[in-house]
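Trainee: Predicted model, plus sequence, below.
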Amino acid sequence: MWQRACFLTRLVSSSVRISEKAGDIIKGIMSSGELNEVDKGKDGKVDLQTEADRRAQYCIVKSLEQKFTNRLKVIGEEEITSEAPLELSLSPEVLKIDDQCPEVLRSIKEEDVVVWVDPLDGTSEFAQAAKTKSPLLSQVTVLIGISYKGEAVAGVIHQPYYEGKGRTIWGIVGVGTYGIEIAPADDKRVVVTTRSHPTPLVNSVLDTLKSQGLLTEVDRVGGAGYKVLRCLEGAAAYVFASAGCKKWDTAAPEAILKATGGHLTDISGRTLCYNADVQRLNSGGVLATAFWVNHQEYVNAIPEEAKSALPEFSPKK
Ligand SMILES: Nc1ncnc2c1ncn2[C@@H]1O[C@H](COP(=O)(O)O)[C@@H](O)[C@H]1OP(=O)(O)O
Ligand SMILES: [Mg+2]
Ligand SMILES: [Mg+2]
Ligand SMILES: [Mg+2]
């Protein structure tokens, strides 16, 4: 089956298993209690990295390198430092849908894609949970996103602590999203936003959405992956009117959301580009909406002052 399947299906099939192995590595570090946190932050801002981030990164990048060739371009959040076991098996579930892949995706070759890796999304929540044993751990995810011609076309989100045993959600645009039950339209308008990176602008945009009836309830939760999962499970939108999220935070979630009919752009409605040489920072913020929501309505409701405070291009990578 591996030999006959197209490259993209093989890559997703391998990424599903690799993300699950990375999840086991993350859980192992949490159980050991030896997170060995490092602060990568600049300009006085805290940006944590733990041993779990480092080992999961190693597992994902090295496994992809072994399974595929060096023509595959992989861009990850962390440097390759700590070693970890690899994962070379495949998910047969993904290979089963190979014949449903649209023709345009079937012709993709290794050198045509970029793989965006966030080995542990929700590091603040992970580190805080180690100290307080709080339910924040369900907000931790492993993200592997695949882009083609600058567009997010496939993705894997593994949630290691979901209901104790974990789950893996994966999707291919034009085929569908698997591993999750997509919630129908809701009368309520729950909007999810950052828990660990609030700013006055983030809050004032939410106030505006509320005044326009596009928000009935705000839920402050961690991680870009987890927030997009919430949009698949009933939340109307994920709104983050701040820079800070990077391409590896949004690639996998965007592909999975798009595969269900939802949208993810910056807060001005501009599509995100995932070419290898693009700036890493999503400097225009993040706006994601569920399939049953009018995305443009949210774009229009966000004040111009907020949009101009978050320009598309930042001088820093
Ligand atoms: N200011 C920031 N500095 C570093 N990472 C950020 C920042 N803002 C957002 N992120 C990344 O985006 C994710 C979603 O942000 P938030 O939870 O604040 O909405 C975070 O978990 C973090 O990813 P990571 O945990 O992989 O470092
Ligand atoms: Mg980080
Ligand atoms: Mg992240
Ligand atoms: Mg991360």
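Mentor: Yep, it's here. All of these numbers come straight from a predicted model, not from anything done at the bench. Ligands and ions are numbered 1, 2, ... in the order given.

Trainee: alpha carbons only for contacts and neighbour counts from here, please
Mentor: Noted.

Trainee: Give me the next element, helix or strand, following the host helix or strand of residue 118.
Mentor: Assigned by DSSP states H and E, residue 118 belongs to strand 113-121. Heading C-terminal from strand 113-121, the first helix or strand you meet, by DSSP H and E, is helix 123-132.

Trainee: check whether that following helix contacts ligand 1.
Mentor: Yes: counting by Cα under 6 Å from any ligand atom, ligand 1 has neighbours in helix 123-132: residue 123.

Trainee: and that helix, average pLDDT?
Mentor: If you average the pLDDT over helix 123-132, you get 91.

Trainee: just checking, what packs against it?
Mentor: strand 48-49 (3 or more Cα pairs under 8 Å, 6 or more residues apart in numbering; DSSP states H and E).

Trainee: Contact residues of the chain facing ligand 3?
Mentor: 121, 249 (Cα under 5 Å from the ion).

Trainee: ok, longest helix in the chain?
Mentor: helix 7-32 (DSSP state H).

Trainee: starting at the chain centroid, how far to that helix?
Mentor: 14 Å (Cα atoms, centre = their mean, to the nearest Å).

Trainee: Spell out which parts of the stretch 101-250 of the chain neighbour ligand 4.
Mentor: 118, 120-121.

Trainee: Do a quick rundown of the helices in the stretch 51-200 of the chain.
Mentor: Under the criterion DSSP state H, counting those that start in this stretch, the stretch 51-200 of the chain contains helices at 51-67, 92-96, 103-106, 123-132, 200-211.

Trainee: ok, of those helices, where does mean pLDDT dip lowest?
Mentor: helix 123-132 - the lowest mean pLDDT of those, at a mean of 91.

Trainee: right, and residue 283 touches residue 247 too?
Mentor: No: in this structure, residue 283 is not within contact of residue 247 by Cα atoms under 8 Å, at 10.1 Å.

Trainee: returning to what we had before: for the helix or strand just after the longest helix of the chain, which strands pair with it and how are they oriented?
Mentor: Next in sequence after helix 7-32, counting helices and strands by DSSP H and E, comes strand 38-39. In the sheet, strand 38-39 lines up against strand 48-49 (antiparallel) (DSSP bridges).

Trainee: and the strand holding residue 118, what does it pack onto?
Mentor: Secondary elements touching strand 113-121 (3+ Cα pairs under 8 Å, 6+ apart): helix 51-67, strand 73-76, strand 141-148, helix 247-258.

Trainee: Compare those and give me the one nearest residue 102.
Mentor: strand 141-148 (13.6 Å; Cα to Cα).

Trainee: one step back: turn the helices and strands packed on strand 113-121 into CSV, including mean neighbour count and distance to ligand 1.
Mentor: Output for these, formatted as CSV (neighbours: other Cα atoms under 10 Å; distance: least, Cα to the nearest ligand atom, whole Å):
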stretch, mean neighbour count, distance to ligand 1
helix 51-67, 22, 8
strand 73-76, 19, 10
strand 141-148, 28, 9
helix 247-258, 28, 6
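
Trainee: wait, which of these is closest to residue 308?
Mentor: helix 247-258 (20.4 Å).
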